[in-house]
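K.L.:
this is a predicted model, with the sequence first.
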Amino acid sequence: MFEKGNFILYGTVGVCQVNEISKTDFSNNDKLYYYLTPKFEPNRTICIPVDTDKVMMRDIMTKEEAESFVMSWPDVKCKKYASDRERPQIYKQILQSGSCLELAAMIKEISHMEISRKGKGRLLTIREKDGVKAARKLLFGELAAALDIFPDAVPDYIHELTGYIC
């Protein structure tokens, strides 16, 4: 169970702070609920049962873990797919998993695809654009929270430390 004040990664919403743990005012059951506020959307509140297993929730990285993760960015390997048809389903699974390594691989892969396609006069599909946007929101949001910087500054931070453009 998370504690009040913890920052967690919540589903595809991203980094949220646990503001309260209590029973709801709108239900007659005895269940405990987390009241979450997305770090980068402070005017929003999410109420979710403490014991839910339907949405991924986990602690975010520490600052040291985030720094180490950024330094390992060049070593992240892109996946190989049997066909382009399986890619969207795997992207969906990656986004739902919240795995930092998988999100980084997805970001790198789609970034490489974009560069390759631009050279051929082609663009990313809407699904690929939306996928990389969602992956960046989750991963860069977590890194930003851990490093105490803004999400928009994460790509430059990665570039400064590793030379890698993302």
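P.N.:
Everything's here; your move. No experiment lies behind these values; they were computed from the predicted model shown. Residues are numbered from 1 along each chain as shown.
K.L.:
the residue nearest to V76 when sequence neighbours are not counted: neighbour count?
P.N.:
Ranked by CB to CB, 6 or more residues apart in numbering and with sequence neighbours excluded, the top spatial neighbour of V76 is A104, at 4.5 Å. C-beta: built from backbone N, CA, C; applies to glycine. Per other CB atoms under 10 Å, the neighbour tally for A104 reads 24.
K.L.:
same deal with D30?
P.N.:
Neighbours of D30 (other CB under 10 Å): 6.
K.L.:
and it, what pLDDT?
P.N.:
With respect to pLDDT, D30 scores 81.
K.L.:
cool, the one 3 residues further on as well?
P.N.:
Here the pLDDT value assigned to Y33 is 94.
K.L.:
identify the bridge partners of it.
P.N.:
Following DSSP bridges, Y33 is listed with bridge partners S22, P49.
K.L.:
state whether L9 is indeed within a strand.
P.N.:
Yes - L9 forms part of a strand when assessed by DSSP: H, G, I helix; E, B strand; the rest coil.
K.L.:
surely it and L138 touch.
P.N.:
Yes - assessed by CB atoms under 8 Å, L9 is found in contact with L138 at 7.0 Å.
K.L.:
joint contacts of these two?
P.N.:
The overlap between the contact sets of L9 and L138 (CB atoms under 8 Å, 6 or more residues apart in numbering) consists of G98.
K.L.:
which helix or strand contains the residue nearest to V76?
P.N.:
Assigned by DSSP states H and E, A104 falls within helix 100-119.
K.L.:
distance from the chain centre to that helix, please.
P.N.:
Here helix 100-119 is found 15 Å from its chain centre; the criterion is CA atoms, centre = their mean, to the nearest Å.
K.L.:
list the buried residues of it.
P.N.:
100, 102-111, 113-114 (16 or more other CB atoms under 10 Å).
K.L.:
list the contacts for the residue located most distally from the centre of the chain?
P.N.:
Within the chain, N28 marks the point farthest from the mean C-alpha position, 33.6 Å out by CA atoms, centre = their mean. Going by CB under 8 Å, 6+ apart, N28 touches no other residue.
K.L.:
that one belongs to a helix?
P.N.:
No - with three-state DSSP as the criterion, N28 is located in coil rather than a helix.
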